[in-house]
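Undergrad: sequence and predicted structure, then a few things I'm wondering about:
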Amino acid sequence: MPVFNSELFVAEAIESILNQTFKDFEFLILDDASTDKSLEIVKDFEKKDSRIKVYQNEKNLGVVTSRNKLIELSKGKYIAWLDSDDIAIENRLEKEIKFLEEHTEIGMVGAYPIIIDEFGNKIREWLFETDPQKLKIELFFHSPFLSSSVMIKKSYLPQNFYESRFSVAEDFDLYSKISENSYAANIPGTLVKYRINSKGLSKSNIEKMEKLSVQVIKEHAERLGIKLEENTIKNLRKPKTASKINFEEIPEIEKSLILLKNLLLDKKDFDKTAVDAVIQKYWFETCRKSTHNGLKTLNIFFKSPLFCKKLSLKDNCRLFVRALIKY
């Protein structure tokens, strides 16, 4: 657990780990030169529980360097993260260890989070893809994992661990690299409470994250022998990141989805059913976010080579009703 100025929440985060049903673990905490009472709080816990070991950076080095230090200090078979303002559900470690022990082909596992506000009130549940085959495809669009829910087999970590050049998107880069040598999964259940800041990310950080996410996908694709241009990746990200998609953008997104689909199928390293399902999902999302343009969106959706007749009646109706209302 890296800690920086988390005096309001760190005690609850630590207690959520100490109260786990699985008890045999080392709990490494690194304070990144906090200027509040965070270090004092974590040291008090260290005195009470021998499983806790507290370390301190003399100056603030950031979360990437702090996480890498913690990995180097760790002795266990698995690495599990929890941010200092989040809360682990009491059976999180037990369930994730059991899952990794039973699925030797899986190098990393996450789970669904409950999103909470600064006061601990539930906002919503956040669902991620769980199928390992589909998750390999999802990584060409976004990061389908939450850091505070993730447990990693240490043997699958890349040589450089987290890379500072991807700061704010370092998790995405790490997960992409792990997926290149193993499978990743999400357990279909809630195992962590993820606290969001009411202020959210600053505009500059949002822009930085988007730019770095594009670079992460580009390099991930290259390591797999797939060439994707930046504009193609930006188009692929729109169905996930954009709140609305203009009608004029749809043909370019469609072209990018077709290109990715063909490239993945040509590699023969990806499951065809998974490729079809994920590409169809993002084609649906593209048109769903363009239903404000009315029935012409439906026309392009159903005429596209990306349209899959296996789309559920519920989704077909959702798209039709939204487009009809706007019309």
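TA: Happy to help now that I have it.
Undergrad: which residue ranges form the helices in this protein?
TA: Taking DSSP state H, the helices of the chain run over residues 10-18, 38-48, 62-73, 92-102, 132-138, 170-179, 203-223, 230-241, 250-267, 272-288, 295-303, 313-326.
Undergrad: which parts of the third one are buried?
TA: This points to helix 62-73. Of all the residues in helix 62-73, those buried under the rule 16 or more other Cβ atoms under 10 Å are 63, 64, 65, 66, 67, 68, 69, 70, 71. Placement of C-beta: from N, CA and C, glycine included.
Undergrad: show me the contacts for the closest residue to the fifth one other than its chain neighbours.
TA: Think residue 67. Distances taken as Cβ to Cβ, 6 or more residues apart in numbering put residue 162 closest to residue 67, at 5.2 Å, once the chain neighbours are dropped. Residues counted as contacts of residue 162 (Cβ atoms under 8 Å, 6 or more residues apart in numbering) are 64, 67, 68, 170, 171, 173, 174.
Undergrad: apart from its chain neighbours, what residue comes closest to the last one?
TA: Using Cβ to Cβ, 6+ apart and skipping the chain neighbours, the partner closest in space to residue 174 is residue 162 (5.7 Å).
Undergrad: can you give me the pLDDT of that neighbour?
TA: Residue 162 is assigned a pLDDT of 97 by the prediction.
Undergrad: equivalent analysis for residue 236, please.
TA: Looking at residue 236, the pLDDT reads 98.
Undergrad: give me the number of residues near it?
TA: Using other Cβ atoms under 10 Å, residue 236 is surrounded by 24 other residues.
Undergrad: so it touches residue 282, yeah?
TA: Yes - contact criterion Cβ atoms under 8 Å: residue 236 and residue 282 qualify, at 7.4 Å.
Undergrad: with adjacent residues omitted, what lies nearest to residue 4?
TA: Once flanking residues are discounted, residue 4 sits nearest to residue 32: 4.3 Å by Cβ to Cβ, 6+ apart.
Undergrad: so what pLDDT did that neighbour get?
TA: The model reports residue 32 with a pLDDT of 98.
Undergrad: quick check: it vs residue 38, distance?
TA: To residue 38, residue 32 is 9 Å away according to Cβ to Cβ, to the nearest Å.
Undergrad: re earlier: okay, and the common contacts of residue 236 and residue 282?
TA: Common contact partners of residue 236 and residue 282 (Cβ under 8 Å, 6+ apart): 141, 257.
Undergrad: could you dump the helices of the chain to JSON lines with distance to residue 56?
TA: Putting those into JSON lines (distance: least, Cβ to Cβ, whole Å) gives the following:
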{"stretch": "helix 10-18", "distance to residue 56": "14"}
{"stretch": "helix 38-48", "distance to residue 56": "6"}
{"stretch": "helix 62-73", "distance to residue 56": "10"}
{"stretch": "helix 92-102", "distance to residue 56": "25"}
{"stretch": "helix 132-138", "distance to residue 56": "36"}
{"stretch": "helix 170-179", "distance to residue 56": "21"}
{"stretch": "helix 203-223", "distance to residue 56": "26"}
{"stretch": "helix 230-241", "distance to residue 56": "37"}
{"stretch": "helix 250-267", "distance to residue 56": "45"}
{"stretch": "helix 272-288", "distance to residue 56": "43"}
{"stretch": "helix 295-303", "distance to residue 56": "55"}
{"stretch": "helix 313-326", "distance to residue 56": "51"}
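Undergrad: of all those, which one is nearest residue 194?
TA: helix 10-18 (11.3 Å; Cβ to Cβ).
Undergrad: which secondary structure elements does that closest one contact?
TA: With contacts taken as 3 or more Cβ pairs under 8 Å, 6 or more residues apart in numbering; DSSP states H and E, helix 10-18 sits against strand 27-31, helix 38-48, strand 87-88.
Undergrad: if you set the cut-off to 10 Å instead, what comes out?
TA: Under the contact criterion of 3 or more Cβ pairs under 10 Å, 6 or more residues apart in numbering; DSSP states H and E, helix 10-18 touches strand 2-3, strand 27-31, helix 38-48, strand 52-56, strand 87-88, helix 92-102, strand 183-195.
Undergrad: just those: most buried one?
TA: strand 2-3 (a mean of 26; mean count of other Cβ atoms under 10 Å).
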